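>>> With the sequence up front, the predicted model follows.
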Amino acid sequence: VTARRSTSRGYPPFVIDGKAVSNDRLDRARDEAGELAKKGIVPGLATVLVGENPASRVYVAAKSRAAKACGFHSEQFELSSEIQESELLALILRLNEDPLIHGILVQLPLPPAINPTKIMASIAPHKDVDGFHPINVWLAASGDMSRALLPCTPAGAMILIDKACVELETHLSGKSAVIIGRSSIVGRPMANLLLARDCTVTIAHSKSRNLPDIVRGAAVIVAAVGQPEMVRGDWIAPGAIVIDVGINRLPATGQNRGEGSESRLVGDVDFATASLVAGAITPVPGGVGPMTIAMLMTNTLIAACRANSVAEPMM
Ligand SMILES: NC(=O)c1ccc[n+]([C@@H]2O[C@H](COP(=O)([O-])OP(=O)(O)OC[C@H]3O[C@@H](n4cnc5c(N)ncnc54)[C@H](OP(=O)(O)O)[C@@H]3O)[C@@H](O)[C@H]2O)c1
């Protein structure tokens, strides 16, 4: 990832290279798929895209590409935004029964006429590689991580936190963690993961008072807000591990302008000031973002192993 640094906290921080960690996991997923192939097992991922959301199309294409690169069987389904909910349910029921498919991913958001909760609940829990089925949510909330399929973005963030702990020669147990954001796809499952690792967890949100003070008390900070560069360096305790889940697209300014770049990506953390005090920090882009696809491949591999009663790889 980067060269090991001393345990002294402070500038410069350990910048956690999510791209490198993600590539490493994808390589291992490919190797594990190679081992499974010797047993006649090919992990299968079905992606379902409903409608014409351009960002969703890009995400689904990247997921299918990654599945193929890992040697998985990959099927893509593209449905019109006009589709009836019952037609989508029928496709999912068919995929639930398909022995070649071990993981089903229905890309969110869905068109307004389709109830996402109903759709997520219709996916067989053992094929729910997004980790959004009520049974997987319940297992994660109960701390039963070994039987759950975990949501990809928080699971990826957790791996980056572990990398930071190794680098900083520290451990999570007993540490205070603050998650900013309480969405069901990032904030809440992230809290379950950190709780399962014996952190003392606070979930902050838009109604939280004195947010900078809450964040200042944390050894681990996960920002999943959707507010560009909201978390500033003076909110952060020296040496804290800072995980920036945010992906915000802003118009290009200054040096970006004139290089053919119309926009730039920033996180929910102000990297310039935060990196002056953090012990470890994820960049945007190149931090949590690349981990999501890697964790989807990991979940598909796990689902294929479980379906065939094969020991799960230690990843
Ligand atoms: N692969 C990836 O890397 C990945 C995956 C998913 C999401 N993301 C990114 O992560 C960010 C969060 O995504 P999400 O889906 O969790 O967003 P979301 O559903 O919009 O939730 C945002 C959360 O932030 C809270 N919030 C908003 N403004 C706040 C403020 N000023 N102070 C404190 N809390 C505030 C909201 O509080 P309330 O609940 O009170 O409204 C809510 O809980 C986005 O930038 C998204 O693009 C990245």
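On my side now, so go ahead. Being a predicted model, the structure only gives us computed values, none of them experimental.
>>> Run through the residues of the stretch 101-250 of the chain sitting next to the ligand.
Taking CB under 6 Å from any ligand atom, the part of the stretch 101-250 of the chain that reaches the ligand is made up of 153, 180-183, 185-187, 204-208, 211, 224-227, 245-248. C-betas here are computed from N, CA, C, even on glycine.
>>> Please flag which of those residues sit within strands.
Ile180, Ala204, Asn248 (DSSP state E).
>>> list the contacts for the second one?
When contacts are counted by CB atoms under 8 Å, 6 or more residues apart in numbering, Ala204 touches Val178, Ile179, Ile180, Gly181, Arg182, Leu211, Ile214, Val215.
>>> same question, the first one
With contacts defined as CB under 8 Å, 6+ apart, Ile180 is in contact with 187, 204-205, 211, 215, 221-225, 230-231, 268.
>>> residues contacting the residue lying closest to Arg57 once chain neighbours are set aside?
Leaving aside its sequence neighbours, Arg57 sits nearest to Leu49 (CB to CB, 6 or more residues apart in numbering; 6.4 Å). Neighbouring residues of Leu49 by CB under 8 Å, 6+ apart: Ser56, Arg57, Val60, Gln76, Phe77, Glu78, Leu79, Gln107.
>>> could you flag which of those are buried?
Ser56, Val60, Phe77, Leu79, Gln107 (16 or more other CB atoms under 10 Å).
>>> For whichever strand or helix holds the second one, name the packing helices and strands.
Pointing back at Val60 there. Under the criterion of DSSP states H and E, Val60 resides in helix 54-69. With contacts defined as 3 or more CB pairs under 8 Å, 6 or more residues apart in numbering; DSSP states H and E, the packing partners of helix 54-69 are helix 18-38, strand 44-50, strand 73-79, helix 289-307.
>>> now for these, which one comes closest to Ile236?
helix 18-38 (19.0 Å; CB to CB).
>>> quick one, that closest one and helix 289-307 angle?
20 degrees (axes from the mean of the first three to the mean of the last three CA atoms, to 10 degrees).
>>> can you tell me if helix 18-38 touches the ligand.
No: judged by CB under 6 Å from any ligand atom, helix 18-38 makes no contact with the ligand; its nearest approach is 8.8 Å.
>>> Using PDB, write out every CA atom in that helix.
Once non-C-alpha atoms are left out, helix 18-38 reads as follows in PDB (Å, rounded to 0.1, in the frame of the first residue of the first chain):
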ATOM      1  CA  GLY A  18      -8.100   2.000  -1.600                       C
ATOM      2  CA  LYS A  19      -7.300   1.300  -5.200                       C
ATOM      3  CA  ALA A  20      -4.300  -0.800  -4.300                       C
ATOM      4  CA  VAL A  21      -6.200  -2.700  -1.600                       C
ATOM      5  CA  SER A  22      -9.100  -3.200  -4.000                       C
ATOM      6  CA  ASN A  23      -6.800  -4.500  -6.800                       C
ATOM      7  CA  ASP A  24      -5.200  -6.900  -4.300                       C
ATOM      8  CA  ARG A  25      -8.700  -8.300  -3.300                       C
ATOM      9  CA  LEU A  26      -9.700  -8.600  -6.900                       C
ATOM     10  CA  ASP A  27      -6.500 -10.600  -7.600                       C
ATOM     11  CA  ARG A  28      -7.300 -12.900  -4.700                       C
ATOM     12  CA  ALA A  29     -10.900 -13.300  -5.800                       C
ATOM     13  CA  ARG A  30      -9.600 -14.300  -9.300                       C
ATOM     14  CA  ASP A  31      -7.200 -16.800  -7.700                       C
ATOM     15  CA  GLU A  32      -9.900 -18.200  -5.400                       C
ATOM     16  CA  ALA A  33     -12.200 -18.600  -8.500                       C
ATOM     17  CA  GLY A  34      -9.400 -20.500 -10.100                       C
ATOM     18  CA  GLU A  35      -9.400 -22.900  -7.200                       C
ATOM     19  CA  LEU A  36     -13.200 -23.300  -7.300                       C
ATOM     20  CA  ALA A  37     -13.000 -24.000 -11.000                       C
ATOM     21  CA  LYS A  38     -10.900 -27.100 -10.200                       C
END
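>>> sorry, back to before: ok, and the most crowded of the contacts of Ile180?
Using other CB atoms under 10 Å as the neighbour test, those are led by Val222, with 33 neighbours.
>>> A helix includes it, no?
No: with DSSP: H, G, I helix; E, B strand; the rest coil as the criterion, Val222 is assigned strand and is not in a helix.
>>> Switch the contacts of Ala204 over to TSV, and while doing so, append pLDDT to every line.
Shown next, in TSV, are the contacts of Ala204 (pLDDT from 0 to 100):
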residue	pLDDT
Val178	99
Ile179	99
Ile180	99
Gly181	98
Arg182	98
Leu211	98
Ile214	98
Val215	98
